[in-house]
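Asker: Next one to model:
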Amino acid sequence: MNNIEKKLKKNKRNRMIGLIVLAVVLLIIFFFLFKQEEKLVQVQSDIVERRDITSTLNLNSEIIPSNIQDVTALNQEVKKIHVELGQRVKKGDLLLELDTKKLKENYEEASKTLDSANEAMQGAIDPSSFLGDSSNLLGGIDFSIDTSGIGQDISASIEDAITRAAEELGKKLDEKIKIPDDFSFLTEEQKLELYNELMKALKNLQNELPETETEPEPETDTEPETDIESSTGNLMRVAAGNDLSSLLNNNGSIENAFSQAGGLTSQLQLSKSSAKKALDNAKTKVYAEYNGLIVNINAKEGELVETTEPILSLYDDSSLEISLGVNRYDAKKIKKDQDVIFKSDDLELKGKVSFVSPIATKNNNNSLFSNIEGQADAASVKVTLKITSGKTDELIIGFPIDAYIITDKKENVLTVPTQSILSEQEKNYVYLLKDNLVSKRYIETGIESELYVEVIEGLEEGDRVVLNPPSDLEENQKVSIDE
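Answerer: A predicted model of the protein is given here:
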């Protein structure tokens with residue numbers, strides 16, 4: 001029995017030793033296998049598949065109303081304000097009552113001033129006074145011209161003055177100044193123009209006189225009038241009804257006097273027209289043009305409006321849009337009536353491209369109109385995107401919103417994930433994965449969306465490509481696929 005027991009114990013010990021040895025061998029094998037696997041680069045992959053793809057241009061700008069009613073009332077008194085800031089109104093609701101008394105006074109004053117200036121101009125057109133000066137001028141030149149009778153025999157007609165003066169001048173000027181035989185078809189302005197030409201000829205004759213020494217004017221402590229101040233003062237004296245003698249004395253020539261006075265009357269006529277237009281366009285009652293929200297009131301009852309800025313603003317918040325400038329590259333992709341998807345937090349709305357400017361302009365910094373970010377001085381094309389459907393009542397005017405313009409769309413085309421594409425010397429490529437080996441494959445691409453890119457050439461349906469390829473990945477390198 002002892003021998004049997006010893007034999008059994010020995011066999012048991014041998015089995016234990018064998019099991020231990022086997023376990024060690026297996027551990028060694030697993031260790032080496034694990035170490036080898038650990039050396040492989042792990043990559044993620046995806047399959048080349050056919051799918052519908054939509055190309056979008058992503059933009060971001062502030063929400064603005066499509067329709068804004070800005071009320072201006074320069075030189076009008078605010079009689080009554082019928083709304084409050086933040087109030088919601090309906091189209092046709094009375095907003096303001098205004099008084100046009102000041103506008104009427106402005107128009108009457110402008111008319112009166114213009115009439116005075118015209119009277120002064122007519123009074124100044126006295127041919128005998130002009131030609132009296134001309135006679136003195138010509139008398140100082142030894143041209144043997146008989147000028148004594150020009151100022152004496154002249155009638156009150158400026159036509160006669162022009163004719164007589166031209167006849168005398170023509171003897172020595174070879175008839176360089178041409179005058180018509182019949183003045184009936186000429187306007188008063190054209191007659192004055194002819195007269196100015198005559199005065200220029202007289203001035204040329206005067207310039208032929210030898211220069212004479214003149215005593216210098218005594219110095220004074222007072223500062224001389226500026227050109228603007230003196231001209232303005234002269235013109236205002238004409239407007240007040242004075243004749244043109246002061247202008248002649250200060251300016252040294254009749255044509256300059258007429259030029260300044262004519263410029264004044266033109267300005268006064270413009271002032272009268274502007275005052276008339278302001279009066280005609282003025283409203284005593286202002287009504288809401290849209291359903292909307294009162295967002296600005298910048299006036300008080302009883303006050304006279306002295307600014308051209310809006311005193312009241314109404315926003316039609318049922319019709320919203322974004323307006324911004326896009327660069328030259330994006331502008332080529334945008335066309336009117338393209339579909340737009342708007343996203344704000346968890347809201348998604350639909351819209352259309354409603355306007356694309358045909359020209360590029362310099363940007364400005366209007367608070368409700370966005371420009372190219374970081375390029376305030378860059379030229380851009382203005383684009384307007386209108387929201388056509390969705391919960392617009394949950395949007396807040398002035399806050400930004402993301403817009404995705406659908407620039408192209410294709411169905412059932414071969415695609416790869418955007419994450420798989422790399423570029424080299426303006427060529428796109430991917431890493432093709434087969435039997436855990438990677439190989440570089442150049443591809444031709446088409447349109448792209450946020451997630452996928454159309455493959456025109458270089459891959460086939462069912463191919464597997466590496467996603468986000470590591471920078472140290474090499475051709476024919478063995479990798480481990482991370483499922």
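Asker: how far away is S480 from Q190?
Answerer: 97 Å (CB to CB, to the nearest Å). From N, CA and C alone the C-beta is placed, and that goes for glycine too.
Asker: Check K352 too.
Answerer: 56 Å.
Asker: same deal with K102?
Answerer: Taking CB to CB, one finds K102 at 38 Å from Q190.
Asker: okay, and for the stretch 201-350 of the chain, where does confidence drop off?
Answerer: By pLDDT under 70, the low-scoring segments of the stretch 201-350 of the chain are 201-264.
Asker: who does the longest strand seen in the chain touch, helix- and strand-wise?
Answerer: Ranked by residue count and defined by DSSP state E, the top strand of the chain is strand 400-417. Here strand 400-417 touches strand 49-62, strand 339-344, strand 437-448, strand 452-457, strand 464-467, going by 3 or more CB pairs under 8 Å, 6 or more residues apart in numbering; DSSP states H and E.
Asker: Quick check: which of these is nearest to T308?
Answerer: When the helices and strands packed on strand 400-417 are compared by CB to CB, strand 49-62 sits nearest T308, at 24.5 Å.
Asker: Let's see the helix or strand following the closest one as CSV, backbone CA atoms only.
Answerer: Following strand 49-62 in sequence order, the next helix or strand is strand 64-71 (DSSP states H and E). Taking Å, rounded to 0.1, in the frame of the first residue of the first chain, the C-alpha atoms of strand 64-71 are listed here in CSV:
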residue,chain,number,x,y,z
ILE,A,64,-33.9,92.4,-38.2
PRO,A,65,-37.5,93.1,-39.2
SER,A,66,-38.2,93.1,-43.0
ASN,A,67,-40.5,96.2,-42.6
ILE,A,68,-39.6,99.2,-40.4
GLN,A,69,-41.6,102.4,-40.1
ASP,A,70,-39.4,105.3,-39.0
VAL,A,71,-41.3,108.6,-38.4
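Asker: Direction included, what does strand 64-71 pair up with?
Answerer: Its sheet considered, strand 64-71 pairs with strand 312-326 (antiparallel) by DSSP bridges.
Asker: on that earlier part again, give the buried residues for the longest strand of the chain.
Answerer: Neighbour-count burial for strand 400-417, counted by 16 or more other CB atoms under 10 Å, picks out 401, 403-405, 407-408, 413-417.
Asker: give the contact list for L422.
Answerer: For L422, the contact set (CB atoms under 8 Å, 6 or more residues apart in numbering) comprises 428-431, 469.
Asker: what does stretch 444-463 contact?
Answerer: The contact list for stretch 444-463, computed with CB under 8 Å, 6+ apart, reads 47-51, 53-56, 408, 410, 413-418, 421, 428, 430, 432, 441-443, 465.
Asker: go with 10 Å
Answerer: Residues from elsewhere that reach stretch 444-463 (CB atoms under 10 Å, 6 or more residues apart in numbering): 45-56, 58, 404, 406-410, 413-421, 427-430, 432-434, 441-443, 465.
Asker: One more: stretch 289-296?
Answerer: With CB under 10 Å, 6+ apart, stretch 289-296 has contacts from 65-71, 81, 83-93, 95, 288, 309-319, 397-398.
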